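**Q** Pasted the sequence and its predicted model underneath.
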Amino acid sequence: MNEERPFSGREIAAKVVMVVFMISFCWSIAFLIISFLFDHYQKPRHWEEMLARGSTIAALYEADRSGNPDETVRQVANLRNDLIMLADEKGNRKTFGPGSGTVEATPAEVNAVLAGDTLKKLPRHNPFQHGVATTGQSLLVNGKPHALFIQIETSSLFQDYGKQLLTILLAFTIMSVTAALMSLRHRRKHPIQTIVEAMRRMAKGDFDVKLDADPRRGPFGAIAKSLNDMAEELSEMEKMRQEFISNVSHEIQSPLTSISGFTRALYNEQLERNDRLRYLSIIETESKRLSRLSDNLLKLTSLESQHHPFERRRFRLDKHLRTIVLACEPQWVEKEIEMDVSLEALEIAADEALLSQVWINLINNSIKFTPHGGTIGISLEREEHSAVVRIWDTGPGIPEEDRPHVFERFYKADKSRTRTGTSVGSGLGLSIVKKIIDMHGGTVTVGLVNGQGSGALFTVKLPLPATREEKGGLLL
């Protein structure tokens, strides 16, 4: 009777490769089928949502009394990241939305929508390309028929193919390694059970995981340490997410409460004219506050999306700063603030529009907290290969315990403190400053004037462009 010959290493490797190939092949076919089915059933949902948004925009045009409904539609388009086009019977077209794209609509499609038809299309030339979903519907603008088109980009059918295939192969590898380890019948099975249980808890959103990461436990100790680090980072991210949602909700709820309350008060027909005007002024102020909050959130989100326009060019930073100071003149003249400006002639390569936002935020911040008749100083000088801008004031300063957090979103110090305990700001201005300076490869810090107990000092360092001598290897 022949004895069963054990498999050689080469045969085992060949079988593993064959299994991996079969798993990849079968899974790829299943992925393609599911993707086509999912895309088929997703199209009506996309169209339904887009037509609903079109109805909302039509209602905005009908309800608008400001005379400028296009601005409202532009804000909706930017907020939703939609591409919106409005066409009339004369062939005039208006496009709203981020970027410089155009809505893909033929003249025949425009005429059909103007005639009252509804357009729904989502062409995709092949499953590897992104699709473009387009809807068209008619509406009346100032009593005249117009065609409203909304266009969004949809993901390709193979958008997550590589990531999911690698996930399947990695899962197969992990399962194989785990099976091999268990086949050794190691005495200590408990570490594997503990790790699996920890992974299950993390999958359910419980990140309060702390495993024994003793390095003497070999690979289990290393895996436990990695899981501990992962749980800690995920827990921190979850706290940041919840805090962000809480802060946004609080910032929005406060002005909405004021607007709602004073709007109800205006229904009182016996209200005196002065009170009515005061209530309207409060409503206008709170509305502007909501608008600023929305603008800052959109701006910060755009800056962090890696797709924000960034146009670096050379310009004189001293002239640029002097222009910003003059633009802010009405604010500091109103408080009789003395401006101490000392600017060295320096040229820098940067995005001028983005840097304008930095200086405006910092100068307005100093004006806000500088007392009547105080002083604000602005200086520019070269330090080695950096342009250093210092903006200081004679206000109350920022407490030491608050300085490490002033560039965080929505951070506000103790309300009892005069410097940062204000309800006027949203806590996003300095976050925007920090993000823009980071994009330029610079740094921004905050301290006290001359190290004293009052007066805030913001220091911005930006890299200077290399001179011809430096590029050639010579230092000036």
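**A** Nice, thanks for sending it over. Numbers count the residues shown, from 1 in each chain.
**Q** can you give me the strands in the stretch 301-450 of the chain?
**A** Ranges of strands in the stretch 301-450 of the chain, per DSSP state E, counting those that start in this stretch, are 313-316, 338-343, 347-350, 375-383, 386-393, 443-448.
**Q** Please identify the deepest-packed of those strands.
**A** Of all the strands of the stretch 301-450 of the chain, strand 386-393 has the most neighbours on average by mean count of other C-beta atoms under 10 Å, namely a mean of 21. Every residue, glycine included, has its C-beta placed from N, CA and C.
**Q** Low-confidence regions, the stretch 201-350 of the chain specifically.
**A** 217, 240-254, 289, 292-309 (pLDDT under 70).
**Q** related to what we said a few turns ago, out of the strands of the stretch 301-450 of the chain, which gets nearest to R264?
**A** strand 386-393 (40.3 Å; C-beta to C-beta).
**Q** Can you tell me the strand partners of the closest one and which way each runs?
**A** If you go by DSSP bridges, strand 386-393 pairs up with strand 375-383 (antiparallel), strand 456-463 (antiparallel).
**Q** Those strands: which one's closest to T95?
**A** Checking the strands paired with strand 386-393 against T95 by C-beta to C-beta gives strand 456-463 as the closest, at 35.5 Å.
**Q** How far does that closest one sit from its chain's centre?
**A** Centroid separation for strand 456-463 versus its chain: 24 Å, with C-alpha atoms, centre = their mean, to the nearest Å.
**Q** That one versus strand 443-448: what angle between them?
**A** Interaxial angle, strand 456-463 versus strand 443-448 (axes from the mean of the first three to the mean of the last three C-alpha atoms, to 10 degrees): 160 degrees.
**Q** Which positions in strand 456-463 come out as buried?
**A** A456, L457, F458, V460, K461, L462 (16 or more other C-beta atoms under 10 Å).
**Q** what pLDDT does N78 get?
**A** Confidence at N78, expressed as pLDDT, is 74.
**Q** Quick one: neighbours of it, just the number.
**A** For N78, the number of neighbouring residues by other C-beta atoms under 10 Å comes to 17.
**Q** thinking it is in contact with E71, fair?
**A** No. Here N78 does not reach E71: they are 10.7 Å apart, not a contact under C-beta atoms under 8 Å.
**Q** got TSV for the strands of the stretch 301-450 of the chain, with distance to S235 too?
**A** TSV is the format used below for the strands of the stretch 301-450 of the chain (distance: least, C-beta to C-beta, whole Å):
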stretch	distance to S235
strand 313-316	43
strand 338-343	47
strand 347-350	38
strand 375-383	41
strand 386-393	37
strand 443-448	29
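**Q** Which of those sits closest to K239?
**A** Of all these, strand 443-448 sits nearest to K239, with 24.3 Å by C-beta to C-beta.
**Q** what does the closest one contact?
**A** With contacts defined as C-beta atoms under 8 Å, 6 or more residues apart in numbering, strand 443-448 is touched by 397-398, 403, 406-407, 433-434, 437, 454-461.
**Q** What residues of stretch 134-154 count as buried?
**A** 134-139, 141, 146-152, 154.
**Q** Mark which of those are part of helices, please.
**A** Of the positions in the buried residues of stretch 134-154, not one sits in helices, assigned by DSSP state H.
**Q** Which single one of the residues you listed is nearest to D275?
**A** V141 (37.5 Å).
**Q** which non-adjacent residue is nearest that closest one?
**A** Nearest non-adjacent residue to V141, counting by C-beta to C-beta, 6 or more residues apart in numbering: Y61, 5.4 Å away.
**Q** care to break the chain down by domain?
**A** According to automatic domain parsing, the chain comprises the domains 19-154, 186-308, 313-471.
**Q** Kindly provide the distance from K435 to I378.
**A** 22 Å (C-beta to C-beta, to the nearest Å).
**Q** Ignore what I typed, I meant E153.
**A** Separation of E153 from I378 (C-beta to C-beta): 44 Å.
**Q** For the protein, which segments count as helices?
**A** Using DSSP H, helices in the chain cover 9-63, 69-80, 107-114, 161-183, 190-203, 219-266, 273-304, 317-327, 329-334, 352-369, 429-439, 468-471.
**Q** and those helices as JSON lines, adding distance to T95?
**A** Shown next, in JSON lines, are these (distance: least, C-beta to C-beta, whole Å):
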{"stretch": "helix 9-63", "distance to T95": "13"}
{"stretch": "helix 69-80", "distance to T95": "9"}
{"stretch": "helix 107-114", "distance to T95": "13"}
{"stretch": "helix 161-183", "distance to T95": "33"}
{"stretch": "helix 190-203", "distance to T95": "44"}
{"stretch": "helix 219-266", "distance to T95": "29"}
{"stretch": "helix 273-304", "distance to T95": "19"}
{"stretch": "helix 317-327", "distance to T95": "30"}
{"stretch": "helix 329-334", "distance to T95": "35"}
{"stretch": "helix 352-369", "distance to T95": "22"}
{"stretch": "helix 429-439", "distance to T95": "27"}
{"stretch": "helix 468-471", "distance to T95": "43"}
